[in-house]
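model the structure of this input:
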Amino acid sequence: MKLQGQIALITGGSRGIGRATALAFAREGADIAFTHLNDDAKAEETAEEIRALGRRAMHRSADAADIAATRAFVADVETGLGPIDVLFNNAGMNIRKPFEAYTEDDFDRLMAVHLKGMFFMAQAVYPAMVARGKGCIINVASQRGLKGAVNSAPYSAAKAAIIGLTRSLSWEAAPKGVRVNAVAPGPVDTDLTATMDPADREAFIAALPVGRFGRPEEIAATALLLAGPDGGFFVGATLSPNGGDVMH
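Take a look at the predicted model:
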């Protein structure tokens, strides 16, 4: 029980990587709070799975780009469950277009959900972690933040910025007992990748050394490593389970 007695907050926790991570953390003893976006039925299903593991669960629809809403949820989690020990900063979305087709609204939305949303969610949990002298923040980046991608310029830029944010915050946070790291997944079978053009998907798989997309549970295992006692020497790191798409 690597997270026994801890409270974990997960953004985008009703599906995909967020859901798999919520369940992985719950199996290791953590109570779970998570956000989603207008996904009440799936969110309650995930919460029931967490409760079936003997853990407490709470959830709320909150747009990651709505800073007031996410701050309010953090306050309610601290009141309802207790101090937050682990933040898995995961909520995301994508808009796929050629570079010249992106509008200012497209750009602003992608940056607001990813970079701005993750920045201020981390800021919301950080002071209480510092006050207790312990905590763990895990930001979800992407292998596209490491290598870029066609039809994904703002998303790739936001994910690269998240890696930079992770490194920068680590310099301030680690001396205060708060570890900050990132996970940069490769292609994973989720609702987000299901929107890929089938031909693009097959070409992507053919180019991967491992010959398949990842499973959400494989990314959750990386998050658990970083959140648990075995991850104590990771500071400002970006771990990238990606099937060989990026080797570094």
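
how near is the residue of the chain positioned farthest from its centre to residue 32?
The centre of the chain is farthest from one residue, residue 100, which by C-alpha atoms, centre = their mean lies 28.5 Å away. For residue 100, the distance to residue 32 (C-beta to C-beta, to the nearest Å) stands at 42 Å. (Glycine included, C-beta is placed from N, CA and C.)

quick one, what contacts the spatially most central residue of the chain?
Closest to where the C-alpha atoms of the chain average out (C-alpha atoms, centre = their mean) is residue 90, at 2.0 Å. The contact partners of residue 90, taken as C-beta atoms under 8 Å, 6 or more residues apart in numbering, are 10, 11, 12, 13, 17, 18, 21, 140.

let's see that with 10 Å instead.
10-13, 16-19, 21-22, 34-35, 64, 118, 121, 138-140, 183, 185, 219, 223 (C-beta atoms under 10 Å, 6 or more residues apart in numbering).

now residue 44: closest residue in space that isn't a chain neighbour?
residue 59 (7.4 Å; C-beta to C-beta, 6 or more residues apart in numbering).

in a helix, the one you found, correct?
No: counting by DSSP: H, G, I helix; E, B strand; the rest coil, residue 59 is not part of a helix but strand.

so it sits against residue 40, correct?
Yes: if you go by C-beta atoms under 10 Å, residue 59 and residue 40 touch, sitting 8.5 Å apart.

quickly list what's touching both of those two.
Residues touching both residue 59 and residue 40 (C-beta under 10 Å, 6+ apart): residue 14.

show me which of these two is the more surrounded one.
Neighbours of residue 59 and residue 40, each counted by other C-beta atoms under 10 Å, are more numerous for residue 59; the result is 24 against 12.

what sits up against the helix or strand bottoming out on mean pLDDT in the chain?
The element with the least model confidence among the helices and strands of the chain, by mean pLDDT, DSSP states H and E, is helix 198-207, at a mean of 87. For helix 198-207, the surrounding residues in contact (C-beta under 10 Å, 6+ apart) are 96, 149-151, 186-187, 193-197, 211-213, 243-245.

in the sheet, which residues pair with the residue nearest to residue 44? Tell me.
Beta bridges link residue 59 to residue 34 when assigned by DSSP bridges.

just the buried residues from the contacts of helix 198-207, in PyMOL please.
Paste this into PyMOL to select the buried members of those, with burial taken from 16 or more other C-beta atoms under 10 Å:
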select buried, resi 149+151+186+187+193+196+213+243+245
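
among the contacts of helix 198-207, which lie within helices?
Per DSSP state H, helices hold no members of the contacts of helix 198-207.

next step: the contacts of helix 198-207 restricted to strands.
Using DSSP state E to define strands, no part of the contacts of helix 198-207 is located there.

what helices or strands is the longest helix along the chain leaning on?
As assigned by DSSP H, the longest helix anywhere in the chain is helix 153-173. Helices and strands touching helix 153-173, by 3 or more C-beta pairs under 10 Å, 6 or more residues apart in numbering; DSSP states H and E, are strand 86-89, helix 104-111, helix 117-132, strand 135-140, helix 144-147, strand 178-183, strand 238-239.
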